[in-house]
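>>> quick one: sequence and predicted model below, then my questions.
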Amino acid sequence: MLNSNRISRIWPVLVVLPALFLYILFVLLPTLSNLFLSFTDFTGNLHKPLHYIGINNYSRAFHSDFQSIGGAIRNTLIFSVLVTLVQNMAAVLLAVLVNLKLKLRNIYRAILFMPNVLGVVIIGLVWTLIFDPISGPIVKGFERMGIDTALLGDPGWALYLVVFVTIWANLGYAMVIYIAGLQSIPEEMYEAARIDGATTTDTFMKITLPLLQPAITINILISLIGTLSTYDFIMVLTNGGPGTATMTLSLFVFKNLYNGESQGYLAALSMIQFAFIFIIVVVVQHFLRKREAEL
Amino acid sequence: MSMRRKWGHGLANLLLAAASLCILAPVLLIVNVALKSNNEFLNRPSSFVESWEWENFGEAWKQAEMGLYFKNSVLFTVVVALGTCIIATMAAYPIARKHFRGTNVLYLMFLSALFLPVALVPQVMLMKYLGFLNTYHGFIMLKIGGSLAIAIFILTGFIKGLPKELDEAAVVDGCGYLRYIFTFVFPLTKSALSTVAMLTGIGTWNDFINPFLFLTDKDMRPLTAGLYMFFGQYSTNWTIMAAGIIVVASPLMAAYFLLQRYIISGVTSGAVKG
């Protein structure tokens, strides 16, 4: 009995250790050292001595480099807001339609969700071919309509096309979350509304939307965090170009990783990016939860 | 009412069919290009395929050296998914049952990784100085480390819902702790484990940034990175590039349309519970 008692105290701790080890090594340690490195002049060479340089890296980002970083922040915001708004409006509409108990609902759902399993590279390359400015199908169609653009190579178009592809890829995910939200709304509420003679618009505005608010909150947060931090999509589609037309903050950090840029400075940039996301998410979440409570 | 309803459903079908077509059209266009001979593509790039060049797929497979990349992708995906399931369950069980003091703190710590920023600079340094660049074990450990948060989150929630009586019976039996996890907890958490395996599996198969950073050696690359590099090198041969995309996408598409019900609920489960 004593023996088994002792075993049962040690073993629960032992079995957690592999997870704890990997977590500390690959997640916690890099995150903490990122914060630390952002206050140093770390070059990337561990044999050179480190110097504490205070907030120099941060002030560099906001003063001498603000031209490029300000532009990247602007692009990030346009990208993020557009994707979040359009994607969620379209996803709510599609979810309501799929939820109508149509015969083909499972097929629609499966097709609309499909891009979510395809992954960044496949989706990025598919659209690179389709948006090809020389032999792509879209450019041919545009030529016939008299629209002259190099699509992803056109600074005025590129960002909006990246927005479009991102929505194309993530729409189904948002829709599935909305469908789950819709299914949790009790059928009786709609029946009661019907008996009271409510119109379709009334039911949608007064029952569906308010009761869908938790799903709306989750979806908006997921899409905000995603769009504010992704760079792999943009990297495959435009690599930030043409010029800096699609350069976002996260891609800026990633692209400078191998440019011989001071690693301390890059660490500071990723801390700024994190703070940027954190503030936006906290503010938006506060606003959305308040709405949920009011409803 | 019924007449109105019929119209409503007709309209809904129309809209959904249009949306579905928007999703499918780009993929179908690529299939169409992949089946054309180079000559046909140059003369009539957008018309419906006539030459049916099935060899394009074999050519893409050969030129992009996909045999090797495919092997790497399968290895990474299987080992990371399995490893995450095992290591995360071993951590989630004592946490869910609060088997020692501090499990709550531990749980929150693991969970915080869902919100922490990815620290690329130190991660690159770490992999470099551990000698983990271009190694199978290094990459696999990094990927498991990155998948643990969501896995422990899903599994802990699930195990909390399992009846505790089973645990006590096992203690009376004198069943060893580790053996208990492997012989009792694993079978009971099957449904949550399949979700975790699917999430990490799809994530690893599609991952592109980590191989790009940490598997720079050509022989170590998975399919995603291999296809991306191939595009950079052969950006003029459209039919072969299109065929390459289809070759990489087809195992995913096949798995998806076979298991779509499970995959859809699995991939979105983290979000809905959060």
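Good, I have the coordinates.
>>> name the SS class of residue 13, please.
Answering for chain A, as no chain was given. helix (DSSP: H, G, I helix; E, B strand; the rest coil).
>>> excluding sequence neighbours, find me the nearest residue to it.
B:F100 (5.6 Å; C-beta to C-beta, 6 or more residues apart in numbering or on different chains). Using the backbone N, CA and C atoms, a C-beta is placed for each residue, glycine as well.
>>> from A:L94, how far off is B:C22?
Here the criterion is C-beta to C-beta, to the nearest Å. By it, B:C22 lies 11 Å from A:L94.
>>> of these two, who's got more company?
Neighbour comparison, B:C22 and A:L94: the larger count goes to A:L94, with 25 against 13 (by other C-beta atoms under 10 Å in any protein chain shown).
>>> got the contact list for the more buried one?
Listed by C-beta atoms under 8 Å, 6 or more residues apart in numbering or on different chains, the contact set of A:L94 reads A:L112, A:L171, A:M175, A:Y178, B:L15, B:L16, B:A19.
>>> between these, which is nearest B:V74?
Lowest distance from B:V74 to these (C-beta to C-beta) belongs to A:L112, with 28.1 Å.
>>> ok, the nearest residue to that closest one once chain neighbours are set aside - contacts?
Spatial nearest neighbour of A:L112, excluding adjacent residues (C-beta to C-beta, 6+ apart): A:G172 at 4.1 Å. Contacts for A:G172 (C-beta under 8 Å, 6+ apart) come out as A:R109, A:L112, A:F113, A:M114, A:P115, A:N116, B:I23.
>>> so which of these is the closest to A:L32?
A:N116 (32.4 Å).
>>> past the strand or helix carrying the closest one, which element shows up next along the chain?
Per DSSP states H and E: A:N116 is located in helix A:115-130. Later in the chain than helix A:115-130, the nearest helix or strand by DSSP H and E is helix A:137-145.
>>> return the set of buried residues in that following helix.
For helix A:137-145, the buried set under the neighbour-count rule, 16 or more other C-beta atoms under 10 Å in any protein chain shown, comprises A:P137, A:I138, A:V139.
>>> out of these, which touch chain B?
Under the cut-off given by C-beta under 8 Å from any C-beta of the partner chain, chain B has A:P137 from the buried residues of helix A:137-145 close to it.
>>> from the buried residues of helix A:137-145, pick the one nearest chain B.
Chain B lies nearest to A:P137 out of the buried residues of helix A:137-145, by C-beta to the nearest C-beta, at 4.9 Å.
>>> where does the closest one land on pLDDT?
In this model, A:P137 is scored at 82, pLDDT.
>>> check the one 3 residues further on too.
Predicted confidence (pLDDT) at A:K140: the value is 82.
>>> correct me, but it touches B:R44?
No. Applying C-beta atoms under 8 Å as the test, A:K140 and B:R44 come out as separate, 10.8 Å apart.
>>> quick check, central residue of chain B?
Centroid-nearest residue in chain B, with C-alpha atoms, centre = their mean: B:I202, separated by 0.9 Å.
>>> against chain A, how distant is that residue?
With distances taken as C-beta to the nearest C-beta, to the nearest Å, B:I202 is found 6 Å from chain A.
>>> so is that residue in a helix, a strand, or just coil?
Of the three states, B:I202 takes helix under three-state DSSP.
>>> contacting residues around it?
Contacts of B:I202 (C-beta under 8 Å, 6+ apart): A:V117, A:G119, B:L252, B:I263, B:V267.
>>> from the residues you listed, which is closest to B:G138?
Looking across the contacts of B:I202 and measuring by C-beta to C-beta, the closest to B:G138 is A:G119, at 22.0 Å.
>>> tally up the residues packed near the closest one, please.
Other residues close to A:G119 by other C-beta under 10 Å number 22.
>>> look up the closest residue to it, ignoring the ones flanking it.
Nearest to A:G119 is B:N206, by C-beta to C-beta, 6+ apart, at 2.8 Å.
>>> could you work out the most separated pair of the contacts of A:G172?
A:R109 and A:P115 (12.9 Å).
>>> the lowest-mean-pLDDT helix or strand in chain B vs chain A: in contact?
Least confident helix or strand of chain B, by mean pLDDT, DSSP states H and E, is helix B:165-173 with a mean of 73. Yes. Using C-beta under 8 Å from any C-beta, helix B:165-173 reaches chain A at B:V171.
>>> checking my notes, B:G226 in a helix, right?
Yes. Counting by three-state DSSP, B:G226 is located in a helix.
>>> correct me, but A:G264 touches A:N57?
Yes. Between A:G264 and A:N57 there is a contact under C-beta under 8 Å: 5.5 Å.
>>> any common contacting residues for these two?
Here A:G264 and A:N57 have A:S38, A:F39 as joint contacts, going by C-beta under 8 Å, 6+ apart.
>>> what residue spans form the domains of chain B?
As assigned by automatic domain parsing, chain B contains the domains B:1-34, B:51-273.
>>> pick the most buried one from those.
domain B:51-273 (a mean of 19; mean count of other C-beta atoms under 10 Å in any protein chain shown).
>>> identify the residue nearest the residue nearest the centre of chain A in space, chain neighbours excluded?
Taking C-alpha atoms, centre = their mean, the centroid of chain A lies closest to A:G226, which sits 1.2 Å from it. Leaving out its chain neighbours, the residue that sits closest to A:G226 by C-beta to C-beta, 6+ apart is A:N170, at 7.2 Å.
>>> output stretch A:72-79 as PDB - backbone C-alpha positions only.
The C-alpha atoms that make up stretch A:72-79 are tabulated as PDB, following Å, rounded to 0.1, in the frame of the first residue of the first chain:
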ATOM      1  CA  ALA A  72       3.300  47.800 -43.200                       C
ATOM      2  CA  ILE A  73       0.900  48.600 -40.300                       C
ATOM      3  CA  ARG A  74      -1.400  50.400 -42.700                       C
ATOM      4  CA  ASN A  75      -1.500  47.300 -45.100                       C
ATOM      5  CA  THR A  76      -2.000  45.000 -42.100                       C
ATOM      6  CA  LEU A  77      -5.000  47.000 -40.900                       C
ATOM      7  CA  ILE A  78      -6.600  47.200 -44.400                       C
ATOM      8  CA  PHE A  79      -6.100  43.500 -45.000                       C
END
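>>> does any bit of it sit next to chain B?
No. Judged by C-beta under 8 Å from any C-beta, stretch A:72-79 makes no contact with chain B; its nearest approach is 14.1 Å.
>>> next: stretch A:233-248.
Yes. Stretch A:233-248 comes into contact with chain B (C-beta under 8 Å from any C-beta), by way of A:V236.
>>> the domains of chain B into JSON lines, with extra columns for distance to A:N45?
Formatted as JSON lines, the domains of chain B follow (distance: least, C-beta to C-beta, whole Å):
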{"stretch": "domain B:1-34", "distance to A:N45": "44"}
{"stretch": "domain B:51-273", "distance to A:N45": "10"}
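>>> nearest to A:G71, out of the ones you listed?
domain B:51-273 (20.8 Å).
>>> how far off centre is the closest one?
The chain centroid and the centroid of domain B:51-273 are separated by 6 Å, computed with C-alpha atoms, centre = their mean, to the nearest Å.
>>> ok, now stretch A:221-234?
Centroid separation for stretch A:221-234 versus its chain: 2 Å, with C-alpha atoms, centre = their mean.
>>> who's in contact with that stretch?
By C-beta under 8 Å, 6+ apart, stretch A:221-234 touches A:76, A:79-80, A:83-84, A:87-88, A:120, A:123-124, A:162, A:165-166, A:169-170, A:173-174, A:177, A:240, A:246, A:248-251, A:253-254, A:273, A:276-277, A:280-281, A:284-285, A:288, B:117-118, B:208-209, B:271.
>>> quick one: the residue in the stretch 101-250 of chain A positioned nearest to chain B from B:E65, how far?
Going by C-beta to the nearest C-beta, chain B is nearest to A:G119 of the stretch 101-250 of chain A, at 2.8 Å. Taking C-beta to C-beta as the measure, A:G119 falls 19 Å from B:E65.
>>> B:K36 now?
Counting by C-beta to C-beta, the gap from B:K36 to B:E65 is 23 Å.
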